[in-house]
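A.B. asks: Let's see this in three dimensions:
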Amino acid sequence: MTIDEMKKMLEAALKYKRYTHSLAVYDTARELAKYHDADLEKVSVAALLHDCGREIPIKSNLDKAKEVGITIDFIEANQPILLHAKLGAYLAKHKYGVTDEEVLTAIAQHSTGAPQMSKTAMIVYLADLLEPSRGFFGIDEMRVLAKKDLEKTMVKAYALTIKYLLDQNLLIHPDCIYGLNELQVKFKNAAKSLR
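C.D. replies: Next up, the predicted model:
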């Protein structure tokens, strides 16, 4: 299936605001891919389809995930909006014909992050956060940093996400914390080796 065919299907499946967000993430991710010598095709498909799971109403996420055999953890069971990422990976495979595991994993990880994220997954995660319609304190600096260093930007993104979730009294998925801790340890070890 071509990108144009995916766009048409996605436009028919999503609300207008979600579809235009998906296009903005697609454009942002493609820009970041060029700075980081990433696979443009993988980044393009993962970014375009990152929110395709949003075609399923949030109130139906748990039932749909159970129906298609998706493993649901404690956090997802109590905050089912997170399941749109895993459902998105499922739809990308079964509706849009995506077979590349790196692309499917990037879609599945775009909400929570994870340890050992691929370059594609980090780009999609950051593009979702930094696309042009987003606005928060420090976003301009993060947009500049994202063009230079994906991992350092991920640390800032994780910290921002955790603060937001705490402020909103929402649950924090362990993958977010594991992803942050993995990068923090990597940077600490790199700093020690320079001493």
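A.B. asks: so where is the chain shaky, pLDDT-wise?
C.D. replies: 195 (pLDDT under 70).
A.B. asks: Just give the nearest non-adjacent residue to the most centrally placed residue in the chain, would you?
C.D. replies: In the chain, the C-alpha nearest the mean C-alpha coordinate belongs to His110, at 1.7 Å (C-alpha atoms, centre = their mean). Once flanking residues are discounted, His110 sits nearest to His50: 4.6 Å by C-beta to C-beta, 6 or more residues apart in numbering. To be clear about C-beta, it is placed using only N, CA and C from the backbone, and glycine gets the same treatment.
A.B. asks: And for Ile58?
C.D. replies: Leaving out its chain neighbours, Ile58 is closest to Ile81 (C-beta to C-beta, 6+ apart), at 5.2 Å.
A.B. asks: same thing with Tyr19?
C.D. replies: Nearest residue to Tyr19 in three dimensions, chain neighbours excluded: Glu11, at 5.1 Å (C-beta to C-beta, 6+ apart).
A.B. asks: Hmm, Gly88 and the residue nearest to His110 touching each other?
C.D. replies: Yes. Under the criterion of C-beta atoms under 8 Å, His50 lies in contact with Gly88, with a separation of 6.4 Å.
A.B. asks: Please enumerate the shared neighbours of the two.
C.D. replies: With contacts defined as C-beta atoms under 8 Å, 6 or more residues apart in numbering, the residues adjacent to both His50 and Gly88 are 107, 110.
A.B. asks: Give me the more crowded residue out of those two.
C.D. replies: Under the criterion of other C-beta atoms under 10 Å, the comparison of His50 against Gly88 puts His50 first, with 30 against 26.
A.B. asks: how far away is the more buried one from Lys192?
C.D. replies: Plainly put, His50 is 36 Å away from Lys192 if you go by C-beta to C-beta, to the nearest Å.
A.B. asks: which secondary structure elements does the helix or strand that contains Leu165 contact?
C.D. replies: Taking DSSP states H and E as the definition, Leu165 sits inside helix 150-167. Under the contact definition 3 or more C-beta pairs under 8 Å, 6 or more residues apart in numbering; DSSP states H and E, helix 150-167 sits against helix 119-130, helix 139-146, helix 174-194.
A.B. asks: Need the winner for burial among these.
C.D. replies: Comparing the helices and strands packed on helix 150-167 by mean neighbour count (mean count of other C-beta atoms under 10 Å), helix 119-130 comes out on top with a mean of 26.
A.B. asks: Need the contact partners of it.
C.D. replies: For helix 119-130, the surrounding residues in contact (C-beta under 8 Å, 6+ apart) are 25-26, 28-29, 32-33, 36, 38-39, 42-43, 46-47, 50-51, 102-103, 105-107, 109-110, 113-114, 117, 139, 142-143, 146, 150-151, 153-154, 157, 160-161.
A.B. asks: can you check stretch 27-39 too?
C.D. replies: 40, 43-44, 46-47, 102, 119-120, 123-124, 126-127, 130-132, 146-148, 150.
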